[in-house]
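Sharing a model that was predicted from the sequence below.
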Amino acid sequence: KMETFIPLKLEKITQLLTHHAICEYAAARMAKETDPLAGLCRAERALFSKEGMARFLDRWWTVLSRRESVADSIAEMRLRNPVCIARNHRVESALAQAEQEGAYVLFDELTRVLARPFQEILPAYREPPAEHERVRQTYCGT
């Protein structure tokens, strides 16, 4: 049973964190690395530096470290949380290229990345969209 330790005001911030980033942060803390954020992408590092996040991460680490094996907890998180997901801006780009140019380069790349979601194949697929890449509405209306 997971302990509840996230204060309400931080829930929105934590929803934005990728599970991969949390795993990498925990592994770096466990290894006592000087900068546990070094292995994260630019957007994840920025999110981890938001106001209140350091306090949340310290409390989260305290809860995690009470478990019998922190290493087992991290390994379990990595087994269940993909590194890459089908982000709307990546899907939209692949579809647009195929439709407008008849080229399947981005589609093939996306398929290759999503075929192995628990492995980091292309680091750019961890990045959230830049402002100009944001998809405001998908085909399903979300």
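Arrived safely. Numbers count the residues shown, from 1 in each chain.

neighbours around Ile22, how many?
20 (other CB atoms under 10 Å). In short, each C-beta sits where N, CA and C put it, glycine included.

That one: helix or strand, and which one exactly?
When elements are assigned from DSSP states H and E, Ile22 belongs to helix 19-30.

contacts for that helix?
The contact list for helix 19-30, computed with CB atoms under 8 Å, 6 or more residues apart in numbering, reads 35-41, 44, 47-48, 57, 61, 64, 70-71, 73-74, 77-78, 80-83, 120, 126.

Which helix or which strand is home to Ala38?
Taking DSSP H and E as the definition, Ala38 sits outside all helices and strands.

What is the neighbour count of it?
Around Ala38 there are 10 residues (other CB under 10 Å).

What segments of the chain are helices?
Listed in chain order, the helices found in the chain under DSSP state H are 11-16, 19-30, 42-48, 53-65, 70-80, 88-101, 105-115.

among the helices and strands of this structure, which one scores worst on average pLDDT?
helix 11-16 (a mean of 45; mean pLDDT, DSSP states H and E).

how far away is the nearest residue to Ala43 once chain neighbours are set aside from Glu101?
Excluding the flanking residues, the one nearest Ala43 by CB to CB, 6 or more residues apart in numbering is Pro128, at 5.1 Å. As for Pro128, its distance to Glu101 is 25 Å (criterion: CB to CB, to the nearest Å).
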